[in-house]
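Chemist: heads up, no residue letters with this:
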């Protein structure tokens, strides 16, 4: 369906004649099609799109810096549009044409003025990112209302975002004794809590068949109410609580020793509820990335860049990431991921 305008931000971005594939808050991975590769097209990194500011109380979305892979040389004509489920553009903003930083094929772009959107109507939406007026990347998501504002002592409607944060995660490699040591990066938030709770802990358990071959330390792994926040967890060989200080890290070589399907489960500590179930495949001694991380993936707008920014480094750089996807899981007797 062609994009049309109800109102615009700083620029029209030449969107009115563009048609893009339908998007929703559901996982787009199942629609991936691999086609013969040509020169890489620009793509905004999935990590940076997932990490922009979403306010679960007010429905505010605020975009500051964003990372672009395969960035064109010179000035870059880039923008972002908020699109509803009918592909109608609700608002749009532009980025400065001169990147803040460049590193290899990557560039970091900054918004012109406050690139803010506020949503108060529940439904499904997408943030569509454009280069030269052409959609190149998108982040589908949904908004639900959590309070009617009928409390006389707090007469304010509140909202909550959901979507790809509950679907995706990625593995990055740390090192231990000069050998690669996988770490799981994922997003957790208030929607993963039990009803009425404001915080909890979680445990990651890696299974091969019916065998538990690794798990995280049960004293680590914390999340709380509010929008999804990025968190990281490491795996160790099976150990008791008393053995935690001397637990042996579960290395990449341990993981790739046997081919097959592995399941990395994330459970709430308070009640043992399963909140993520990542399916990970090892083939020919290598952990496999998702099909949507291939440069030839179509539609290109749903391409996931298999690189993420270096955390905690006083520099602009990227490392390889192996993206993983969670299957729907039951939560408190209901579908925790019915929208994904």
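Modeler: Perfect, I can see it now. Predicted model, so just to flag it, every value in this text is computed and none were measured. Numbering: from 1, shown residues only.
Chemist: low-scoring stretches of the stretch 1-150 of the chain, by residue?
Modeler: Where the stretch 1-150 of the chain drops to pLDDT under 70, the residues are 1-38.
Chemist: And the helices in it?
Modeler: Using DSSP state H, counting those that start in this stretch, the helices of the stretch 1-150 of the chain run over 46-50.
Chemist: Which single strand of the protein contains the most residues?
Modeler: strand 134-147 (DSSP state E).
Chemist: Check which element follows that strand along the chain.
Modeler: strand 158-163 (DSSP states H and E).
Chemist: Which strands border that next one, and is each parallel or antiparallel?
Modeler: strand 134-147 (antiparallel) (DSSP bridges).
Chemist: Tell me how far the longest strand of the chain lies from the chain's centre.
Modeler: Distance, stretch centre to chain centre, for strand 134-147: 12 Å (C-alpha atoms, centre = their mean, to the nearest Å).
Chemist: can you pull the buried residues of that strand?
Modeler: Neighbour counts over strand 134-147 (16 or more other C-beta atoms under 10 Å) mark 134, 135, 136, 137, 138, 139, 140, 141, 142, 143 as buried. Using the backbone N, CA and C atoms, a C-beta is placed for each residue, glycine as well.
Chemist: Please name the residues that touch residue 73.
Modeler: Listed by C-beta atoms under 8 Å, 6 or more residues apart in numbering, residue 73 has no contact partners.
Chemist: Could you pull out the strands in the stretch 101-250 of the chain for me?
Modeler: Secondary structure of the stretch 101-250 of the chain by DSSP state E, counting those that start in this stretch: the strands cover 101-103, 106-109, 115-118, 123-131, 134-147, 158-163, 168-176, 179-188, 199-208, 211-215, 222-224, 229-234.
Chemist: Relative to residue 263, which of the ones you listed is closest?
Modeler: strand 199-208 (4.7 Å; C-beta to C-beta).
Chemist: For the closest one, give the mean pLDDT please.
Modeler: Across strand 199-208, the average pLDDT comes to 96.
Chemist: Just name whatever secondary elements that strand is in contact with.
Modeler: strand 211-215, strand 222-224, strand 260-268 (3 or more C-beta pairs under 8 Å, 6 or more residues apart in numbering; DSSP states H and E).
Chemist: now it against strand 260-268, angle please.
Modeler: 160 degrees (axes from the mean of the first three to the mean of the last three C-alpha atoms, to 10 degrees).
Chemist: Between strand 123-131 and the longest strand of the chain, find me the angle.
Modeler: 150 degrees.
Chemist: Which parts of stretch 218-237 count as buried, going by neighbours?
Modeler: Within stretch 218-237, judged by 16+ other C-beta under 10 Å, the buried ones are 221, 223, 226, 227, 228, 231, 233, 234, 235, 236.
Chemist: cool, and stretch 198-210?
Modeler: Neighbour count says stretch 198-210 has 200, 202, 203, 204, 205, 206, 207, 208 buried, by 16+ other C-beta under 10 Å.
Chemist: of all the buried residues of strand 134-147, which comes closest to residue 289?
Modeler: residue 137 (17.6 Å).
Chemist: pretty sure that closest one contacts residue 129?
Modeler: Yes: assessed by C-beta atoms under 8 Å, residue 137 is found in contact with residue 129 at 4.4 Å.
Chemist: which residues are common contacts for these two?
Modeler: With C-beta under 8 Å, 6+ apart, residue 137 and residue 129 have common neighbours 44, 49.
Chemist: residues contacting the closest residue in space to residue 190 that isn't next to it in sequence?
Modeler: The spatially closest residue to residue 190, leaving aside those adjacent along the chain, is residue 225, at 3.9 Å (C-beta to C-beta, 6 or more residues apart in numbering). Residues in contact with residue 225, defined by C-beta under 8 Å, 6+ apart, are 189, 190, 193, 197, 198, 199.
Chemist: now do residue 205
Modeler: Going by C-beta under 8 Å, 6+ apart, the list of residues near residue 205 reads 212, 214, 215, 216, 264, 265, 267.
Chemist: partner residues bridging it?
Modeler: Counting by DSSP bridges, the residues bridging with residue 205 are residue 215, residue 265.
Chemist: ok, it to residue 172 distance?
Modeler: 19 Å (C-beta to C-beta, to the nearest Å).
Chemist: try residue 280
Modeler: 14 Å.
Chemist: Between these two, which has more neighbouring residues?
Modeler: residue 280 (23 against 18; other C-beta atoms under 10 Å).
Chemist: Who's the closest spatial neighbour of that one, skipping the chain neighbours?
Modeler: residue 262 (4.6 Å).
Chemist: surely that neighbour meets residue 277?
Modeler: No: at 11.1 Å, residue 262 does not count as touching residue 277 under the criterion of C-beta under 8 Å.
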